[in-house]
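**Student:** 3D model of this:
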Amino acid sequence: MEDTPMILMSFLNLKLIEFCLRLLVFPLCTASLWLMVSNKQVNIYGELKYDTLSGLEYMIIINAMAIGYTLVAVPLSCHRSSAKNWVLFTLDQIIAYLMTTSGSAAMEVLYLAYKGDRVVSWSTACDSYGEFCGKAKVSLLFHFMTLLCFIILSGASAYRVFSKFEAPKEVADENM
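**Tutor:** Residues are numbered from 1 along each chain as shown. This is a model prediction of the structure:
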């Protein structure tokens with residue numbers, strides 16, 4: 001029983017950390033979204049925008065979904081309910097996975113924009129569109145910072161859900 005106040009304090013600290021991370025997700029994800037949507041460069045070769053490249057467009061869609069989810073999850077995380085814990089756990093996992101896939105898609109596009117692919121005669125784009133690539137890199141950095149927050153949130157929400165269950169009892173094997 002002496003451990004009860006200590007467990008309660010660590011649970012409250014976890015809840016505070018989780019709440020702060022949920023608040024931090026909003027500006028990080030919004031910055032990533034805004035940088036990419038407003039990113040455009042025109043030169044003699046033409047115009048380059050995020051919607052020209054499907055990997056970047058996918059990242060924008062997932063960022064918008066994450067922002068919408070965050071707007072719902074922040075107030076929801078203040079309520080006490082085991083059903084709410086399961087919902088947050090499930091949605092945190094889904095958003096983290098979607099953020100991973102969209103970040104990977106955007107990183108692949110940027111890699112090809114910087115390095116090109118000589119096998120298929122795709123030249124580097126960042127030599128001609130350096131400003132666009134620079135802003136896209138910063139947007140991707142914010143995206144991965146948001147992903148890190150969601151990975152931590154997934155762990156915290158998993159702890160919150162599964163800490164309510166006891167470990168399985170060890171059963172002695174009668175054949176031994």
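**Student:** Quick check: which element contains the residue nearest the centre of the chain?
**Tutor:** Geometric centre of the chain, nearest residue: residue 147, 2.7 Å, by C-alpha atoms, centre = their mean. According to DSSP states H and E, residue 147 maps onto helix 130-162.
**Student:** Show me what counts as buried in that helix.
**Tutor:** Of all the residues in helix 130-162, those buried under the rule 16 or more other C-beta atoms under 10 Å are 132-133, 135-137, 139-140, 142-144, 146-154, 156-157, 160-161. Where you see a C-beta, it was placed from the backbone N, CA and C, and this is true even at glycine.
**Student:** Summarise which helices and strands it is packed against.
**Tutor:** Using 3 or more C-beta pairs under 8 Å, 6 or more residues apart in numbering; DSSP states H and E as the contact criterion, the neighbours of helix 130-162 among helices and strands are helix 4-37, strand 40-43, helix 54-76, helix 82-115.
**Student:** continuing past the shortest one, what's the next helix or strand?
**Tutor:** Meaning strand 40-43. Next element after strand 40-43 (DSSP H and E): strand 46-49.
**Student:** what bits of this structure have low per-residue confidence?
**Tutor:** The chain contains residues with pLDDT under 70 at 1-12, 165-168, 172-176.
**Student:** again, 80 this time
**Tutor:** 1-14, 78-83, 117-123, 162-176 (pLDDT under 80).
**Student:** and stretch 116-128, how far out from the chain's middle?
**Tutor:** How far stretch 116-128 lies from its chain's middle: 29 Å, per C-alpha atoms, centre = their mean, to the nearest Å.
**Student:** just to revisit the earlier point, which one of the helices and strands packed on helix 130-162 lies closest to residue 127?
**Tutor:** helix 82-115 (8.8 Å; C-beta to C-beta).
**Student:** on that earlier part again, just want the angle from the helix holding residue 147 to helix 54-76.
**Tutor:** 40 degrees (axes from the mean of the first three to the mean of the last three C-alpha atoms, to 10 degrees).
**Student:** Alright, I will stop here.
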